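K.L.:
My questions are about this predicted structure, shown below with the sequence.
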Amino acid sequence: MKKIASFFILAFTLIVISCGKKTETDPMGNPIEEVKATSDNLGKELFEGKGLCATCHKPDTKVVGPSIKEIAKIYKEKNASIAIFLQGESEPIVDPSQYEIMKANFAVTKSMTDEELKALEEYMLNIK
């Protein structure tokens, strides 16, 4: 009887242990970290890469175009959409004098998906 009870306790323990958190590993046996691409991560990636935005816009400083914080502040105040502007479907509201320069980038932003434009907008509106 003691052997049967010991067997069930051992079996139960092994089942509980085997149901624990499993970590995926690469072919070399190293754990693979899961990285979830958040909207902010995607937005930042687009801003600094594919979108070419960082060429003319910096967080706190006006370079060619207005700073990201200035853009975000005005778009929040006016309850306007950066994504719609980047699609070329609304008038400039931050610095209209730079609009002609910005228009050249619409070829890039118009090729972005709605998800990418929304992520870019979220990144800009939430920059610290």
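P.N.:
Structure's in. What do you need? Remember, predicted model here, so these are calculated numbers, not experimental data. Residues are numbered from 1 along each chain as shown.
K.L.:
The chain: helices as residue ranges?
P.N.:
Along the chain, counting by DSSP state H, helices occupy 2-18, 39-48, 68-77, 82-86, 99-103, 106-109, 114-125.
K.L.:
Let's test this: mean pLDDT of the third one, rounded?
P.N.:
For helix 68-77, the mean per-residue pLDDT is 97.
K.L.:
Can you read off the pLDDT for the residue nearest to residue 83 when sequence neighbours are not counted?
P.N.:
Leaving out its chain neighbours, the residue that sits closest to residue 83 by CB to CB, 6 or more residues apart in numbering is residue 117, at 4.0 Å. C-betas here are computed from N, CA, C, even on glycine. Note for residue 117: predicted pLDDT of 96.
K.L.:
For residue 117, which residues are in contact?
P.N.:
Listed by CB atoms under 8 Å, 6 or more residues apart in numbering, the contact set of residue 117 reads 83, 86, 87, 109.
K.L.:
could you dump the residues you listed to CSV with pLDDT and neighbour count?
P.N.:
Shown next, in CSV, are the contacts of residue 117 (pLDDT from 0 to 100; neighbours: other CB atoms under 10 Å):
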residue, pLDDT, neighbour count
83, 97, 21
86, 96, 23
87, 95, 15
109, 95, 22
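K.L.:
Put together JSON lines for the residues you listed, with distance to residue 125 on each row.
P.N.:
Formatted as JSON lines, those follow (distance: CB to CB, whole Å):
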{"residue": "83", "distance to residue 125": "10"}
{"residue": "86", "distance to residue 125": "13"}
{"residue": "87", "distance to residue 125": "16"}
{"residue": "109", "distance to residue 125": "16"}
